[in-house]
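>>> Mind folding the following:
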Amino acid sequence: MYTNKMGCGSFRGPGGIQAHFAGESQIDMICRELGMDPIAFRRHNGVQEGGTSGAGVRLRRVGMREALERAADTVHWDKPLPSRPGKKVGRGVACGEWRLGGGRGSGAWVKLNEDGTVHLLAGMSEIGSGSNTAMVQIAAEVLGVEADAVALVSGDTETTPFDMLTAASRVTVSVGNAVQRAAADAREQLLQLAADRLEANPADLACRGGRIFVEGSPDRGFALGELVRYAQTRGSGPILGRGSFSSRVPQSLHPFGTQIVEVEVDEETGEVTLTRIVAAHDVGCAINPQNVEGQIQGGVTQAIGHTLMEEVKYSPAGEPLTAGFLDYKIPSSLDLPAIEPLIVEEPDEEGPFGARGIGEPPILAMAPAIANAIYDAVGVRLTSLPITAEKVRQALREKQAAGA
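You can find the predicted model right below:
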């Protein structure tokens, strides 16, 4: 169909935002009809170890209930909110689930240098997610060196190993596994070389602090750079590690999260003010906790935009009325309440060191949590986004007219 409207593309959590807004709003409506607490309902019906996803995938290491309990305990769910003069206060909860896009291949190379440093080559792109830091940490952990000893080359698959794309919350799992395997490959070569020179069993050797030594006898060993120089001059040649990873979909790597929102609603104007947000997410293992918290806060902020502000409007003649950021409002720091990220760790053996992805999950449950909180405050149900002050005020008027 021919159209003059603006083109569109992918948004964080594509498809999941709409599905969660509908599903989690409906769950809240069911709880209201049953007179059942929304937390108790989810606690009773939440998926557990060995359960299945909506697509029929058997799940393992499920952190859904732990995330639910952490969020509820943090806000003291069982205690009523303090009232505010002239404002109605409410609290809403919603849960989210995401399936990682892991069915695409990734590769990594590790090169050990004679000065004891490491070069890591991987094909993913750093888009502000902290993935570069995480990959360096994974390699450093496997090789027993400090993170600043690892130099990363990434982002250009003409000179680095193949990676499909940076999307679908897949980088930590897919590229991370490839990096872990490449570092382990290089580590095994180091251990074998050291075992031959020490006349020891490789299983009895440790790789820590930039050294390879006999466990329990740290003086009996070699610096990493010393072994690399020996390999390059008198051994089998440079020590190069290679790793690759591809996970077939469907898979069981499903991050779960719970988000609770507290709001104030002005009944005269319909204005909604977010006063508190708690977001608990199961990340399997937080490779870099600070980056994980940043991802959670970033996803929540983006969700606030599409839930309360962002809307593309056209005139009757088809002209865009929101052509720039003066008209198309996105959240700024002045629009944000305290966002409290809670990290839940239920390790999954399919991820590196048990890690799952965290890119998309934080955006999924925010819209229904906000809508549920508004209903809790003023008793009106909003089912279209964005939830503007005009919509809230109109819904309140319709409620008053129906009551009259």
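>>> From now on I want contacts and neighbour counts done on CA atoms only, so please keep to that.
Noted.
>>> doesn't Thr301 make contact with Leu336?
Yes: here Leu336 lies in contact with Thr301, judged by CA atoms under 8 Å, at a distance of 7.4 Å.
>>> what touches both of these two?
Overlap of the contact sets of Leu336 and Thr301 (by CA atoms under 8 Å, 6 or more residues apart in numbering) is empty.
>>> Comparing these two, which shows the higher neighbour count?
Taking Leu336 and Thr301 together and counting by other CA atoms under 10 Å, Thr301 has the greater number of neighbours (23 against 16).
>>> in this protein, which spans are strands?
Using DSSP state E, the strands of the chain run over residues 88-97, 106-112, 118-122, 150-154, 205-208, 211-214, 217-223, 240-245, 256-265, 272-282, 338-344.
>>> want to throw those into TSV with distance to Gly9, mean pLDDT and mean neighbour count?
Shown next, in TSV, are these (distance: least, CA to CA, whole Å; pLDDT from 0 to 100; neighbours: other CA atoms under 10 Å):
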stretch	distance to Gly9	mean pLDDT	mean neighbour count
strand 88-97	22	95	26
strand 106-112	24	90	26
strand 118-122	26	91	24
strand 150-154	25	89	18
strand 205-208	46	91	20
strand 211-214	49	90	24
strand 217-223	51	87	15
strand 240-245	28	90	21
strand 256-265	25	96	27
strand 272-282	26	96	24
strand 338-344	27	95	19
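>>> Disregarding flanking residues, what is the spatial nearest neighbour of Gly284?
By the measure of CA to CA, 6 or more residues apart in numbering, the closest residue to Gly284 outside its immediate chain neighbours is Pro347, 4.0 Å from it.
>>> cool, and Ile296?
In space, Ile296 is closest to Pro362, 5.3 Å off (CA to CA, 6+ apart).
>>> ok now do that neighbour, which residues does it touch?
Gly96, Gly257, Ala279, His281, Gln295, Ile296, Gln297, Gly298, Gly299, Val300.
>>> For His119, state which of the residues you listed is nearest.
Nearest to His119 among the contacts of Pro362 is Gln295, at 26.5 Å by CA to CA.
>>> pretty sure that closest one is touching Gly359, no?
Yes: using CA under 8 Å, Gln295 and Gly359 qualify as a contacting pair, with a distance of 6.3 Å.
>>> so who does the residue lying closest to Leu190 once chain neighbours are set aside touch?
Of all residues not flanking Leu190 in the chain, Leu227 sits nearest, at 7.1 Å (CA to CA, 6+ apart). With CA under 8 Å, 6+ apart as the criterion, the residues that contact Leu227 are Glu114, Leu190, Leu193, Ala194.
>>> Report the buried members of the residues you listed.
Glu114, Leu190, Leu193, Ala194 (16 or more other CA atoms under 10 Å).
>>> show me where this structure has helices.
Counting by DSSP state H, the chain has helices at residues 16-34, 38-45, 64-75, 131-143, 171-198, 224-233, 289-308, 361-364, 366-378, 389-403.
>>> Tell me how far Leu59 lies from Glu350.
Using CA to CA, to the nearest Å, we find Leu59 at a distance of 12 Å from Glu350.
>>> Need the overlap of contacts for these two.
Among the neighbours of Leu59, those also in contact with Glu350 (CA under 8 Å, 6+ apart) are Leu253.
>>> Low-confidence ranges, the stretch 251-400 of the chain, go.
Within the stretch 251-400 of the chain, the ranges that satisfy pLDDT under 70 run 251-252.
>>> redo that, cut-off 80
In the predicted model of the stretch 251-400 of the chain, residues 251-253 satisfy pLDDT under 80.
>>> The stretch 101-250 of the chain now?
Residues of the stretch 101-250 of the chain that meet the criterion pLDDT under 80 lie in 101-104, 124-130, 155-158, 161-170, 235, 247-250.
>>> try it again with 70
101-104, 127-129, 165, 167-168, 247-250.
>>> contacting residues for Val214?
Applying CA under 8 Å, 6+ apart, one finds that Val214 lies in contact with Ala200, Asp204, Leu205, Ala206, Arg220, Gly221.
>>> which one is it nearest to, not counting chain neighbours?
Closest residue to Val214 apart from its sequence neighbours, by CA to CA, 6+ apart: Leu205 at 4.5 Å.
>>> Could you give the backbone dihedrals for the residue most central in space within the chain?
Taking CA atoms, centre = their mean as the criterion, Ile358 is the residue nearest the geometric centre of the chain, at 1.0 Å. Taking degrees, to the nearest 10, you get phi -140, psi 10 for the backbone angles of Ile358.
>>> Check the contact between it and Gly298; I expect there is one.
No: with contact defined as CA under 8 Å, Ile358 does not count as touching Gly298 (10.7 Å).
>>> Averaged pLDDT, stretch 15-27. What do you get?
For stretch 15-27, the per-residue pLDDT values average out at 94.
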